[in-house]
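One predicted model, sequence on top.
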Amino acid sequence: MVGVEDAADQWKPHILVLTLQPSFPDSIRKFLNRPAIHLLVRVKLETKPKKNEDRVLVLTTWRIYLFGLKVPAKVECSFNVLEIRALNALNHNQILVETEKASYNFKFPTPESADQVTRHVNTALAKIFPSPASV
């Protein structure tokens, strides 16, 4: 994994996608027209009961994007962290995200990648709604 905090690596996100085309992260960055991609992870999205399809989950500071696996990258859906109504951990590597418009059941390759997504959403919400102790 490569951190975005390093000045020299500012254009490189945390990448947990192991089997994608090398040009795929660049295609996503070009589509989003922004360098600040915080996490890129391949997930399985439950599209129908007992049917999972491969997707790429991309986290930026305030938005979550879901891409198909083809180059050039095309966003299938996106939502702001403020649209999240519930974030439920179903397993160590499975998260159910409920938004105002839809629900997304993500299966992650590792528990660590699911934890990173949860921490990212919590951190973004904490920046918007700081606790009274930190004000």
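Arrived safely, thanks for sending. Residues are numbered from 1 along each chain as shown.

So which elements touch the longest helix along the chain?
Ranked by residue count, the top helix of the chain under DSSP state H comes out as helix 111-128. If contacts are counted by 3 or more Cβ pairs under 8 Å, 6 or more residues apart in numbering; DSSP states H and E, helix 111-128 sits against strand 37-48, strand 51-60, strand 84-91, strand 94-99. In short, each C-beta sits where N, CA and C put it, glycine included.

closest one to residue 107 among those?
For the helices and strands packed on helix 111-128, the distance to residue 107 is smallest for strand 37-48, at 4.1 Å, taking Cβ to Cβ.

can you tell me the average pLDDT over the closest one?
For strand 37-48, mean pLDDT is 92.

Can you list the strands that it pairs with?
Strands that pair with strand 37-48, judged by DSSP bridges, come out as strand 14-15 (parallel), strand 51-60 (antiparallel), strand 103-107 (antiparallel).

hmm, back to that, would you list the helices and strands packed on helix 111-128 in a markdown table and tack on mean neighbour count and distance to residue 105?
Conversion of those to a markdown table gives the following (neighbours: other Cβ atoms under 10 Å; distance: least, Cβ to Cβ, whole Å):
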| stretch | mean neighbour count | distance to residue 105 |
| --- | --- | --- |
| strand 37-48 | 18 | 4 |
| strand 51-60 | 18 | 8 |
| strand 84-91 | 12 | 7 |
| strand 94-99 | 18 | 5 |
